[in-house]
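Asks: quick one, fold the following:
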Amino acid sequence: MVIIMATTKEICEKLMAVKTGFTAPSESHPGELRDLTLADIGSFLTYKNRPDMATIEARMAADQTELKPRAVTDALKLDYNFPTEAFAAEPVFNRNCLFLALNISRREKNIFEGKEWYNFHEIDPKGSALTHVFNLAMMTNHDVFRGCYVTDILKNTIETEASKVVKAFNKPRDAEHEEAYRKSANLFIQECAIVQPKHLVVMGGDVASVVTQMKKDGLFDQAPDVAALVENLTKVDHYASRSNSTDYYINLFDEDGNLNLQES
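Replies: Prediction:
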């Protein structure tokens, strides 16, 4: 595979050009459907304000405060929103890793329209979403991960409770669900072709099971680069699975971005 240098803006444009074949209810036009794009499903590990870990740890040590989601967020005024100015700066896109989660989780009823690349950046200040987004932001707060692409393997499944998604996935699939399963695999192939990641990091055992099953089902037979990524994937706990163990995510990777195996 020939790796072509590209900016984040160029990668976004290529991803936006992909037709997903999936739809979702339109909030601006009730009763109608709108086409889902990869900007609804995927995003980038880029934030409006996320200082490096040395800065965060120094500030919290000076304040004699634990590295907890609310305390850190308030003390350093962290902003987890996706910065559209990332496109204007046109940095060279970081292909080191592609991070993979299970499905789209939506908490705001009108989230789909007008908020491109908002998935994985959604904050509900009064709920658990703050901890989840904080954990993901801290887990990937290393130069080797900043700006990397993150997406879901099941592209049309919108559900906040992962257990329901897993339960449905494990049932025999009818023709409609089989088509969605295969379309999800094909979209993942297209994402990988655009992003050209060096490594695949899957967040949670359920994600690993789904993408590995796709490989077993032969859905990546015509995409050897994707099959190789899946064969050599790195699995870490999902950022929501240890909601009270922020230290796990902060210490998950060493300063070089290597997985601390003793922590996994």
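
Asks: from what I can see residue 10 touches residue 92, true?
Replies: No. Judged on CB atoms under 8 Å, residue 10 makes no contact with residue 92 at a distance of 9.9 Å. (C-beta placed from N, C-alpha, C; glycine too.)

Asks: which of these two has more neighbours?
Replies: Ranked by neighbour count (other CB atoms under 10 Å), residue 10 and residue 92 place residue 10 first, with 16 against 11.

Asks: helix, strand or coil for the more buried one?
Replies: Following DSSP: H, G, I helix; E, B strand; the rest coil, the label given to residue 10 is helix.

Asks: repeat for the one 4 residues further on
Replies: Secondary structure of residue 14, reduced to three states by three-state DSSP: helix.

Asks: grab the nearest non-local neighbour of it.
Replies: Closest residue to residue 14 in three dimensions, ignoring its sequence neighbours and counting by CB to CB, 6 or more residues apart in numbering: residue 194, at 4.6 Å.

Asks: buried residues of the helix or strand that neighbour falls within, list them for me.
Replies: Secondary structure from DSSP states H and E places residue 194 in helix 175-195. Neighbour counts over helix 175-195 (16 or more other CB atoms under 10 Å) mark 180-181, 184-192, 194-195 as buried.

Asks: which of these sits closest to residue 138?
Replies: Ranked by distance to residue 138 (CB to CB), those are led by residue 195 at 22.6 Å.

Asks: residue contacts, that closest one?
Replies: Residue 195 is in contact with 11, 93, 95, 98, 149, counting by CB atoms under 8 Å, 6 or more residues apart in numbering.

Asks: for it, give its distance to residue 91.
Replies: Taking CB to CB, to the nearest Å as the measure, residue 195 falls 15 Å from residue 91.

Asks: list the contacts of the lengthiest strand in the chain.
Replies: Ranked by number of residues, the top strand in the chain under DSSP state E is strand 149-158. By CB under 8 Å, 6+ apart, the surrounding residues in contact with strand 149-158 are 11, 20, 22, 24, 36, 38, 41-45, 98-106, 119-120, 136, 165, 168-169, 180-181, 183-184, 187-188, 191, 195, 197, 207, 210-211, 214.

Asks: may I see the PyMOL selection of the buried members of the residues you listed?
Replies: One line in PyMOL is enough to select the buried members of the contacts of strand 149-158, burial here meaning 16+ other CB under 10 Å:
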select buried, resi 11+20+22+24+36+38+41+42+43+44+45+98+99+100+101+102+103+104+105+106+119+120+136+165+169+180+181+184+187+188+191+195+197+207+210+211+214
